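Asks: Provide a 3D model corresponding to the input given below.
(one chain, ligands or ions: 1)
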Amino acid sequence: TQQQRSTAQWRELDAAHHLHPFTDTASLNEQGVRMITHADGIYLWDSEGNKITDGMAGLWCVNIGYGRKDLSEVAKRQMDELAYYNTFFKTSHPAVVELSRLLVEVAPPGFDHVFYTNSGSESVDTMIRMVRRYWDVKGKPQKKTLIGRWNGYHGSTIGGASLGGMSYMHEQGDLPIPGIAHIEQPWYYKHGKDMTPEEFGVAAAHWLEEKILEIGADKVAAFVGEPIQGAGGVIVPPSTYWPEIERICRKYDILLVADEVICGFGRTGEWFGQQHFGFKPDIFTTAKGLSSGYLPIGAVFVGNDVAATLAAGGDFNHGFTYSGHPVAAAVAHANVQALRDEGIVQRVKEDVGPYMQKRWRETFGQFEHVDDIRGVGLIQAFTLVKNKATRELFDNWGEIGLMCRDIFFGSNLIMRACGDHIVCAPPLVITKAEIDTMLATAARCMETFEQKLRERGLA
Ligand SMILES: Cc1ncc(COP(=O)(O)O)c(CNc2cccc(C(=O)O)c2)c1O
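Replies: Numbering: from 1, shown residues only. Next up is the predicted model:
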């Protein structure tokens, strides 16, 4: 079992030796980290015994909820049987074969092949190399450019960070790499002022057509997007957006890629976000909910045309030591089987998802500085705004979001601030009673938030 230390001792050792992701190390160590020691269902406990409601399912990933001993038993059994062997050099093993069969079963039709990675970023980098290889084999090697969206998020590897549209990431490391372009995001609240959502969805998709014509269709390899932008703040596109994107991709013969790292494995109430929006990509990337975060694993679902073309090209020179890792594959298999056989995905679509969306709107609609209340299934958000009537946002984008997030955290409720968007993506096993309790806490926090705005002369 874990060595028993005081919170102070944990904090001291962490500050001395551990570099955290996406963190300003100096400021983190002024405050001191919260030591999360265990978790169950939708709850976390810290080293001070505080019970915390995890409204973010870790990092959008613990779809099945914490504390599933069946998954840890599968991990132990697999590790005792075959802890590791690779899938290079004409070998395979039962765990990755069983997972592949199951994933093809839950995938939309037309995806009979899966490539494995260790993360969403590696899935995205794998996809980038597949897309460029695809056009090589097709005899159009100049079709290299991949188009993403500003404020899209596709990971932290050099490829993923380049394809993502977070400019503060591009500034660190001289990104994007060559052959990457971006178009504006389909954020209706900000860009669609004098249009209906449906008109805006078509207009926003046409930004892709403009970009393709600017670059030259003969140079464009693919368009890549998250069905709903997650880390960008749960930007839910109008219903007309994705079908128009797909039409434009077919018109100019460029591949359509969905990044389902967040939207995949039941988050929207469908198995994959592409099914909610009604489009069919050529490839899609996954991770997170694939194993519910119990072990690191990612998977690239390769459409049959792309798979056949890659195969025609002979050796595809790409892969990782841990591609299809036996223990990660076994746990992912048990996780996906439970999401399906326990009806968890189905319940998001038919029961808890609609309930959350209704209660989310009821809870936050009453606040003066909350607007654009939105969501699908169990991914939802709202935007903190200075003036609803004029849709005026606060100055210093992100500052108010962090203030609001800290009020939630102070009440042992984890929600995420993405700029001035407040987002929530709980484990898919959340019950209606837990939704009511969580939102009652959140409502009290929002009263405090409004009070703080007044005290700061911002309201
Ligand atoms: C759509 C998408 N694509 C790729 C990645 C990269 O996955 P990995 O992190 O496993 O390499 C992601 C990851 N998304 C992600 C990761 C970490 C933090 C947050 C946040 O919103 O705070 C979001 C993602 O959301």
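
Asks: Closest residue of this structure to the ligand?
Replies: Relative to the ligand, the nearest point of the chain is G120 (2.3 Å; CB to the nearest ligand atom). All C-beta spots, glycine's among them, are computed from the backbone N, C-alpha and C.

Asks: Name the residues of the stretch 201-350 of the chain found near the ligand, please.
Replies: 226, 230-231, 259, 261-262, 287 (CB under 6 Å from any ligand atom).

Asks: how about a markdown table for those residues, with pLDDT and secondary structure added?
Replies: Listed next are these as a markdown table, based on pLDDT from 0 to 100; DSSP: H, G, I helix; E, B strand; the rest coil:
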| residue | pLDDT | secondary structure |
| --- | --- | --- |
| E226 | 99 | coil |
| G230 | 98 | coil |
| A231 | 98 | coil |
| D259 | 99 | strand |
| V261 | 99 | coil |
| I262 | 98 | coil |
| A287 | 98 | coil |
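
Asks: which of these tops the neighbour count?
Replies: Neighbour tally across those (other CB atoms under 10 Å): the maximum, 32 neighbours, falls on D259.

Asks: Is that one in contact with I228, as I believe?
Replies: No. Counting by CB atoms under 8 Å, D259 sits too far from I228 to count as a contact (10.3 Å).

Asks: quick one: the strands in the stretch 201-350 of the chain?
Replies: Under the criterion DSSP state E, counting those that start in this stretch, strands of the stretch 201-350 of the chain are mapped to 220-225, 255-259, 283-286, 298-302.

Asks: Next up, the contacts around H191.
Replies: Each residue near H191 by CB atoms under 8 Å, 6 or more residues apart in numbering is listed here: 184, 200, 204.

Asks: Selection in PyMOL covering whichever of these are buried, please.
Replies: In PyMOL, this line selects whichever of the contacts of H191 come out buried by 16 or more other CB atoms under 10 Å:
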select buried, resi 200+204
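
Asks: Counting neighbours, which bits of the longest strand seen in the chain end up buried?
Replies: Ordering each strand of the chain by length in residues (DSSP state E) puts strand 379-387 first. Across strand 379-387, burial judged by 16+ other CB under 10 Å covers 379-386.

Asks: Also stretch 311-327?
Replies: For stretch 311-327, a neighbour-count test (16+ other CB under 10 Å) marks 319-320, 322-327 as buried.

Asks: same deal with stretch 60-71?
Replies: Buried residues in stretch 60-71, counted by 16+ other CB under 10 Å: 60-66, 68, 71.

Asks: what does that stretch contact?
Replies: Stretch 60-71 is touched from outside by 39-44, 54, 57, 230, 262, 265-267, 287-289, 292-294, 331, 334-335, 338-339, 344, 379, 425, 427-430, with contacts defined as CB under 8 Å, 6+ apart.

Asks: end-to-end on that stretch?
Replies: When the termini of stretch 60-71 are compared using CA to CA, to the nearest Å, they are 19 Å apart.

Asks: chain center to that stretch, what's the gap?
Replies: What separates the centre of stretch 60-71 from the centre of its chain is 16 Å, taken as CA atoms, centre = their mean, to the nearest Å.

Asks: all numbers from here: first residue = 12
Replies: Sure thing, new numbering starts at 12, so read that last one as stretch 71-82.

Asks: just to revisit the earlier point, quick one: mark the members of the buried residues of stretch 71-82 that sit in helices.
Replies: 71, 82 (DSSP state H).

Asks: Can you report phi and psi for the residue lying closest to T18 once chain neighbours are set aside?
Replies: What sits nearest to T18 in space, not counting adjacent residues and going by CB to CB, 6 or more residues apart in numbering, is S58, at 4.5 Å. Dihedral angles of S58 (phi, psi; degrees, to the nearest 10) stand at phi -70, psi -10.

Asks: pretty sure S58 is touching T48, no?
Replies: Yes. Using CB under 8 Å, S58 is in contact with T48, at 5.3 Å.

Asks: of the two, who's got more company?
Replies: Set S58 next to T48 and count neighbours by other CB under 10 Å: S58 wins out with 19 against 14.
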